[in-house]
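Novice: need coordinates for the below:
(chains A and B)
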Amino acid sequence: MIADVLNGILLMLWRVVSDQPAPLAALLPALPEALRPVVSAVLCVSPIIGVFATLFALTTLMERKGLGRIQNRLGPNRVGPFGILQPAADGLKMLTKEDIIPRSADKLVHFLAPVALAVPTLLAYAVLPYGRNLVPLDLDAGLLFFFAVGASTELAIFMAGWSSHNKYSLLGAMRAIAQMISYEIPLILSAVTVVMIAGSLSPAHIVARQDGFIWGWVPHWYVLTPWGFVGFLIFTTASLAESNRSPFDLPEAESELIAGHLTEYSGFKYALFFLAEYLGMFAISGLGVTLFLGGWQAPLPGLDWVPSYLWFFSKLILMVFIFIWIRGTVPRLRVDQLLNLAWKFLLPLALINLFTAAIWHFTAVWQFPGALLLRWLLSAVMIGGAYVVLGRALSPRKKVSLRTYRYAT
Amino acid sequence: MQDYLFYIFSALTLLCGALIILSRNPINSAMFLVLSIASMAGLFVLLHAFFLAAVQVLVYAGAVMVLFLFVIMLLDLKVEQRRRINAFGAVTGLLAVGVIVWVMVTTMLGTSLPAVTEVLRHEGGTEPLGTLLFHQYVLPFEILSVLLLVAMVGAILLSKKDLK
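Specialist: Numbering: from 1, shown residues only, chains lettered A, B, ... in the order given. Below you'll find the model as predicted:
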C-alpha cells in the first residue's frame, strides 16, 4: 500500500518533469477511492501557489534591481549576497507590521477586500496551459473564465476604496475602475481575434493550433502574423493598464493620491494586495504568452527536447521583464490621456484588427506566387492606415514654431 | 455532492436576494447583488453551462455591477438611507412579484421536464449555443444588437452638453 503510493508519487513526478501525459493518473489508482478527488485537487492547486509565489518573490527583487540599473543606482544589496534575500526581509517586515484599521472604516468590507482580490486572481491560473500536458482545468470556455474572474477583481478594488472612508482611497478606486473597465474592451477584443482564427475558446486548443513551423524554421505563432503582431501590442498595452502598472499606474499615483485604494491598508493586508497585483500581472502575461507567443511551444524546430513548461516560463519571465523595462522608462499618463487612448485609439484599432484577421483568414486560399507578400501588404495597409489616421486625428493641433523668449535669447 | 452544492448555492442566492432588499445602505445592497449573481453562476456550473456561468460573472458581476456602484456613489447617499417605505412602491412591487410568481407557477405546471441525459448535458456548451444563436435565432440576436447600439448612441447624445 505505502510502497504503491510512493511508487505512484515518483512516477507522477517523473511524468511531470519529463512532459508525459496524465501525471495524475500515475498516483490516483494507488489511493483509496474517497481520497482521490481531494488529492487530485490539492496536487493541482499547490504547485500553482508555490511556483507563482516564488516567482513573485524573485520578480520583486528583479524589479528593484532592474529599476536600479535603469536609474543608475545599485538597488537592494544589503540582505544576503547581492541582496538576493531581500524578498524574505520584505516579507518578514510585512508580516510583523501592525495592522491598522481606520475607526470610520466599514470593518467587514475593509477586511474582505484583499481576500476578494486574491482569490479571483488565483482562480485565473486554473485555465492556463503551463506545458504539453499541464492544464489544471481544461475548460471548453477557458478564455471566458479567465476574463470573468479578471472582471471580478474590479469589485475588490472598489470595496477597498469605498470601505476605507478616505478621499484618496475613493478617488484611487474610482480611477482604477474607470481604467480597468476601459482597457478590458481592447484586451478582450484583441483576444477575440485569436479566438476567431483558432476557432476555440479553450487555451489548450489555442496553443495546439500554434504548433509547427513555416518553411521549417519560423514558428507558427500568432505574433508572427500581421494581425497577431498588432493584437499582441494592443494586448500588452491593455494588460499593463489592467494590472495597474506604469505608465498606467494612475490609481496609485504617489504624487497625487498617496497610494490610491491602498492608502488605509497596512501589514499583511497590504502584502496581500501587493501579491495579488503581481499574481495578476503573471496571469495576464501567461495569457498573452498562450494567445500570441505559442504558449509552451519551442521557438525552433531542434529544441523540442527541452521540457515544454520551461519554454512557457521563459516566455513569461521575458514578458515580465518587458513590463519592468516599460516601468523604468515611460512616464505616467494623465487621466484624460489614459481614457482617450483606450476609447479613441486602442478600441478602433482593435476593431480594425479584427477585420484584418478575417481578411488574413479568408485569403489563406490564395496560391499564386507572391501571395504571402500581398497578404502582408494588404494587412499592413489596413492597420497602418488606421494607425496613421487615428494618430493624426487625436494629436492636439498645435503649431510648432521656434519658441521666443521675452527676456532671454 | 452535487445535490449539496445545489442547496448551498440556492440558499446563498435567496439569502443574498433577501439582503439586497433589507439592507439600508444602497452600497451594501449592491454588494449583496454581486454575491447573489455569483452564486447563481455556481448554479449554472452545476448545470454544466460553463459558458453561461462565465458570461454571467463577466457581464453582471463585473461591468454592470461596477457601473451600478458608480451611479450609487454619484447620487447622494444620505437621502437614500433615510428613505421610508412608501405605499405606491409597495403596491406596485407586490403586484409585479405576484405577476411573476403567477407566470412561473403556470409555466412550471404546464411543462414536463425530460430526464437529464448525457446529450442534454452538452447543450450548455459554447459551440451549441453559438450555433443556435447564429442560425435559428439570428434575427432576434441582430435586432437586440441594433437595439443596444441605438441605446448607446442615445446615451452618448444625452451626455453631450452642447449639441451643434
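
Novice: may I have the distance across stretch A:254-271, first residue to last?
Specialist: When the termini of stretch A:254-271 are compared using CA to CA, to the nearest Å, they are 17 Å apart.

Novice: that stretch: how far from the chain's middle?
Specialist: 22 Å (CA atoms, centre = their mean, to the nearest Å).

Novice: confirm that residue B:37 sits in a strand.
Specialist: No: read with DSSP: H, G, I helix; E, B strand; the rest coil, residue B:37 is helix and lies in no strand.

Novice: who's in contact with it?
Specialist: Contact analysis of residue B:37 by CB atoms under 8 Å, 6 or more residues apart in numbering or on different chains lists B:56, B:57, B:60, B:61, B:65. For glycine as for every other residue, the C-beta is placed from the backbone atoms N, C-alpha and C.

Novice: residue in chain B nearest to chain A?
Specialist: At 2.7 Å from chain A, residue B:62 is the closest residue in chain B, using CB to the nearest CB.

Novice: identify the residue nearest that residue in space, chain neighbours excluded?
Specialist: Closest residue to residue B:62 in three dimensions, ignoring its sequence neighbours and counting by CB to CB, 6 or more residues apart in numbering or on different chains: residue A:151, at 2.7 Å.

Novice: same thing with residue A:69?
Specialist: The nearest residue in space to residue A:69 (CB to CB, 6+ apart) is residue A:75, at 7.1 Å.

Novice: same question, residue A:133
Specialist: Closest to residue A:133 by CB to CB, 6+ apart is residue A:21, at 4.5 Å.

Novice: now do the biggest helix by length in chain A: which elements does it pack against?
Specialist: In chain A, with assignment by DSSP state H, the single longest helix is helix A:36-70. Applying 3 or more CB pairs under 8 Å, 6 or more residues apart in numbering or on different chains; DSSP states H and E, we find helix A:36-70 packed against helix A:24-27, helix A:86-96, helix A:267-292, helix A:308-329.

Novice: ok, and does the following helix or strand past the second one reach over to chain B?
Specialist: Right, helix A:86-96. Of the helices and strands lying after helix A:86-96 in sequence (DSSP states H and E), the nearest is helix A:107-123. Yes: for helix A:107-123, a contact with chain B is found by CB under 8 Å from any CB of the partner chain, at residue A:109.

Novice: for helix A:107-123, packing partners?
Specialist: Helices and strands touching helix A:107-123, as assessed by 3+ CB pairs under 8 Å, 6+ apart, comprise helix A:142-163, helix A:267-292.

Novice: and the shortest one, what's buried?
Specialist: Residues A:142-163 are the ones in helix A:142-163 that count as buried (16 or more other CB atoms under 10 Å in any protein chain shown).

Novice: same question, the last one
Specialist: When neighbours are counted by 16+ other CB under 10 Å, the buried residues of helix A:267-292 are found to be A:268-292.

Novice: just to revisit the earlier point, give me the number of residues near the residue nearest to residue A:133?
Specialist: Counted by other CB atoms under 10 Å in any protein chain shown, the residues lying close to residue A:21 total 9.

Novice: give me the three-state assignment for it.
Specialist: Assignment for residue A:21 (three-state DSSP): coil.

Novice: can you pull the phi and psi angles for whatever residue of the stretch 201-350 of chain A ends up closest to chain B?
Specialist: Ranking the residues of the stretch 201-350 of chain A by distance to chain B (CB to the nearest CB) places residue A:201 first, at 5.6 Å. Phi and psi for residue A:201, reported as degrees, to the nearest 10, are phi -100, psi 0.

Novice: quick one, what contacts it?
Specialist: A:140, A:141, A:142, A:143, A:144, A:195, B:126.

Novice: could you rerun that using 10 Å?
Specialist: Residue A:201 sits next to A:127, A:139-146, A:191-192, A:194-195, B:50-51, B:54, B:126-127, B:130 when contact means CB atoms under 10 Å, 6 or more residues apart in numbering or on different chains.

Novice: same check, this time on residue B:21
Specialist: Contacts of residue B:21 (CB under 10 Å, 6+ apart): B:29, B:32, B:93.

Novice: ok, the first one - contacts?
Specialist: With CB under 10 Å, 6+ apart as the criterion, the residues that contact residue B:29 are B:16, B:19, B:20, B:21, B:22, B:23, B:68, B:72, B:80.

Novice: now the fourth one: how far from residue B:73?
Specialist: Yep, that's residue B:21 we're talking about. According to CB to CB, to the nearest Å, residue B:21 and residue B:73 sit 20 Å apart.

Novice: give me the pLDDT value at the residue in chain A that chain B sits nearest to.
Specialist: Closest residue of chain A to chain B, CB to the nearest CB: residue A:151 (2.7 Å). With respect to pLDDT, residue A:151 scores 82.

Novice: ok, it touching residue B:61?
Specialist: Yes: with contact defined as CB atoms under 10 Å, residue A:151 counts as touching residue B:61 (6.9 Å).
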